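In: Just a sequence and a predicted model for now, questions to come.
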Amino acid sequence: MGAGVSNWNLARTVASMGELGVVSGTALDSILARRLQVGDPGGHMRRALEHFPWPDVAQRIIDRYFIPGGKPDREPFKLISLPIQKFKQSYVELSVASNFAEVFLAREGHGGFVGINYLEKIQLPNMPAILGAMLANVAVVLMGAGMPLAIPGVLDGLAQWQPVELKMNVVENDDRQTYVQRFDPAEYFPNPPSQLNRPQFLAIISSEIMGKTMVRKANGSVEGFVVEGYTAGGHNAPPRSHNNGNKPEFGERDIPDLEKVKELGLPFWLAGSYASPEKLKEALAMGAAGIQVGTIFAYSTDSGIKREIRDAAIKKYKESSMNVVTDFRASPTGYPFKRLDLDNITHSAQQAEDRMRICDLGYLRTVYSRGDNKIGYRCPSEPVDKFLVKGGKEEDAADRMCLCNGLMATIGLGQTREEGDELPIVTSGEDFSFMPEMVARAGYDYGAKDVVEYLRG
């Protein structure tokens with residue numbers, strides 16, 4: 001659910017009620033650094049860091065980023081270093097500590113289970129991020145936006161405090177060189193913990209074919225699947241069909257065959273327009289272990305979305321003018337991306353075009369081959385001239401949005417710039433049929449607890 005929308009507070013509430021509370025693992029390093037820079041309201045980040053196994057690392061992070069009382073409103077956020085193939089010590093420390101902190105806070109004060117969701121498409125930060133979550137005893141790792149065949153093996157290796165590696169996805173690799181990113185936890189952190197549990201792994205899939213591939217080719221055990229339909233928020237799998245204008249569109253071919261998913265013999269949860277007790281019963285009747293829901297939680301008062309953005313979305317709903325767009329061009333990944341248009345608040349296509357391009361967070365950069373066994377990094381949302389110099393094509397840069405900066409603005413941590421502050425980008429599922437029931441039960445200011453009670457109804 002975006003960067004920081006499904007945050008520790010939301011996940012803790014859900015987990016404390018006996019369900020699996022899942023935090024978003026996207027950009028947690030930048031989120032921790034910025035929460036500290038706005039003064040760490042409530043002291044939650046520093047409280048979590050007090051429990052980090054290496055106090056000297058936690059103190060370095062606090063010394064670098066924490067600003068008592070918060071930074072001045074017009075002062076820009078201090079940036080963290082961008083992830084690259086060979087990790088810097090400071091980057092690993094921040095990545096591991098930030099993921100630890102989010103899971104620690106989500107698990108605090110109850111005996112329930114907490115998971116964390118990563119994107120396979122964001123490949124560079126994943127290994128140290130996963131280690132941080134495991135240090136906080138995360139129960140489940142979920143991953144989608146690609147085919148995460150190597151992640152189960154990474155979980156196995158990290159649980160034994162062993163070096164792990166991921167084969168990098170490198171475009172324009174005409175010589176078919178093998179590029180690998182390696183991560184040895186012992187290189188960065190002495191004195192490993194006495195025990196590190198291997199979390200369960202759930203692959204987020206959009207078809208039975210993806211599930212079959214995961215079962216056959218993953219380098220470790222897969223404990224189950226989240227089968228996500230194309231009405232779900234965030235990134236969607238590319239559609240298999242095109243309309244008469246040769247534009248991509250979702251249809252019958254994009255509906256997963258659940259009977260074939262069942263034949264894989266692993267538990268699965270259904271996602272995408274399942275936020276009702278009736279849909280839960282339907283999912284169970286079809287053989288699912290349950291449902292995964294996001295949008296209904298995103299608009300609860302426990303999510304990380306800024307209050308004014310949530311209120312604007314609710315206003316749109318009341319006016320029957322809610323408009324969730326499946327944008328086939330916005331995301332630098334090339335995947336379809338669901339976004340909610342909110343007048344004068346969120347990025348419109350024109351505002352994205354007018355925005356001065358800058359790529360200073362870099363989570364969605366593509367790794368490309370420069371020849372001679374060297375790699376580079378580029379993003380279709382960066383300045384077009386830089387993108388072209390790096391071998392990118394002008395048509396690939398057209399109509400792209402900077403999701404990294406836009407999603408940070410959605411949770412109130414957008415960058416301040418002289419030429420204009422970053423505008424939010426809100427991702428959302430298409431289905432709002434839950435809203436009348438939630439309003440009848442708890443009003444528009446419903447919480448995550450209200451959601452769980454409703455779904456159990």
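Out: Ah, there it is. Residues are numbered from 1 along each chain as shown.
In: Against Leu36, how distant is the closest residue to Pro248 other than its chain neighbours?
Out: Closest residue to Pro248 apart from its sequence neighbours, by Cβ to Cβ, 6 or more residues apart in numbering: Pro239 at 4.8 Å. Placement of C-beta: from N, CA and C, glycine included. Here Pro239 is placed at a distance of 41 Å from Leu36 (Cβ to Cβ, to the nearest Å).
In: what's the answer for Asn243, then?
Out: Distance from Asn243 to Leu36, by Cβ to Cβ: 48 Å.
In: The two: which is more packed in?
Out: Leu36 (22 against 10; other Cβ atoms under 10 Å).
In: Now do the helix or strand hosting the more buried one, average pLDDT.
Out: If you go by DSSP states H and E, Leu36 is part of helix 28-37. Helix 28-37 carries an average pLDDT of 98.
In: quick one: contacts for the closest residue to Ser16 other than its chain neighbours?
Out: Excluding the flanking residues, the one nearest Ser16 by Cβ to Cβ, 6+ apart is His110, at 3.9 Å. Residues near His110 by Cβ atoms under 8 Å, 6 or more residues apart in numbering: 12, 15-16.
In: switch to 10 Å and redo it
Out: For His110, the contacting residues are 12-13, 15-18, 21, by Cβ atoms under 10 Å, 6 or more residues apart in numbering.
In: Output those residues as TSV; include the columns secondary structure and neighbour count.
Out: Listed next are those as TSV, based on DSSP: H, G, I helix; E, B strand; the rest coil; neighbours: other Cβ atoms under 10 Å:
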residue	secondary structure	neighbour count
Arg12	helix	22
Thr13	helix	22
Ala15	helix	25
Ser16	helix	20
Met17	coil	16
Gly18	coil	13
Gly21	strand	28
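In: Widest-spaced pair of those?
Out: Arg12 and Gly18 (12.6 Å; Cβ to Cβ).
In: For the two, list the residues in contact with both.
Out: Contacts common to Arg12 and Gly18, judged by Cβ under 10 Å, 6+ apart, are 110, 112.
In: Hmm, Asp254 is touching Ser207, no?
Out: Yes. Contact criterion Cβ atoms under 10 Å: Asp254 and Ser207 qualify, at 7.9 Å.
In: Mind listing the shared neighbours of the two?
Out: 237, 240.
In: What's the first helix or strand after whichever helix in the chain runs longest?
Out: Longest helix in the chain, counting residues (DSSP state H): helix 89-107. Counting by DSSP H and E, the next helix or strand C-terminal to helix 89-107 is strand 113-119.
In: how about the strands in the stretch 101-250 of the chain?
Out: Along the stretch 101-250 of the chain, the segments classed as strands by DSSP state E, counting those that start in this stretch run 113-119, 140-144, 164-167, 170-171, 180-183, 200-205, 224-228, 241-242, 248-249.
In: strands paired with the second one, and their directions?
Out: The sheet places strand 140-144 alongside strand 113-119 (parallel), strand 200-205 (parallel), with pairing taken from DSSP bridges.
In: And for the fifth one?
Out: When pairing is defined by DSSP bridges, strand 180-183 lines up against strand 164-167 (antiparallel).
In: still on that earlier bit, the helix holding Leu36 - contacts with which helices or strands?
Out: helix 44-49, helix 55-65, helix 89-107, helix 126-135, helix 403-410 (3 or more Cβ pairs under 10 Å, 6 or more residues apart in numbering; DSSP states H and E).
In: and those helices as a markdown table, adding mean pLDDT, distance to Glu120 and mean neighbour count?
Out: Compiled in a markdown table, these are given as follows (pLDDT from 0 to 100; distance: least, Cβ to Cβ, whole Å; neighbours: other Cβ atoms under 10 Å):
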| stretch | mean pLDDT | distance to Glu120 | mean neighbour count |
| --- | --- | --- | --- |
| helix 44-49 | 98 | 26 | 20 |
| helix 55-65 | 98 | 27 | 16 |
| helix 89-107 | 97 | 16 | 25 |
| helix 126-135 | 97 | 8 | 26 |
| helix 403-410 | 93 | 16 | 26 |
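In: I'd like to know which of these lies nearest to Val180.
Out: helix 126-135 (11.4 Å).
In: which regions of this protein lie under the pLDDT threshold?
Out: 1, 244-245, 346-353 (pLDDT under 70).
In: Please enumerate the strands of the stretch 301-450 of the chain.
Out: 324-327, 337-340, 366-371, 374-378.
In: got a markdown table for those, with mean neighbour count and distance to Asp184 too?
Out: Below are these laid out as a markdown table (neighbours: other Cβ atoms under 10 Å; distance: least, Cβ to Cβ, whole Å):
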| stretch | mean neighbour count | distance to Asp184 |
| --- | --- | --- |
| strand 324-327 | 18 | 39 |
| strand 337-340 | 24 | 35 |
| strand 366-371 | 17 | 20 |
| strand 374-378 | 17 | 20 |
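In: Could you point out which of those sits nearest Pro193?
Out: The nearest among those, by Cβ to Cβ, is strand 366-371 at 31.4 Å.
In: What are the contacting residues of the closest one?
Out: Contacts for strand 366-371 (Cβ under 10 Å, 6+ apart): 84-85, 121, 123-124, 168-177, 179, 181, 332-334, 375-380, 387, 390-392, 396.
In: picking that back up, let's have the helices and strands packed on helix 28-37 in a markdown table, adding distance to Met438.
Out: Converted to a markdown table, those look like this (distance: least, Cβ to Cβ, whole Å):
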| stretch | distance to Met438 |
| --- | --- |
| helix 44-49 | 27 |
| helix 55-65 | 37 |
| helix 89-107 | 23 |
| helix 126-135 | 30 |
| helix 403-410 | 21 |
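In: and of those, who's closest to Lys281?
Out: The closest of the helices and strands packed on helix 28-37 to Lys281 is helix 89-107. By Cβ to Cβ, the value is 27.9 Å.
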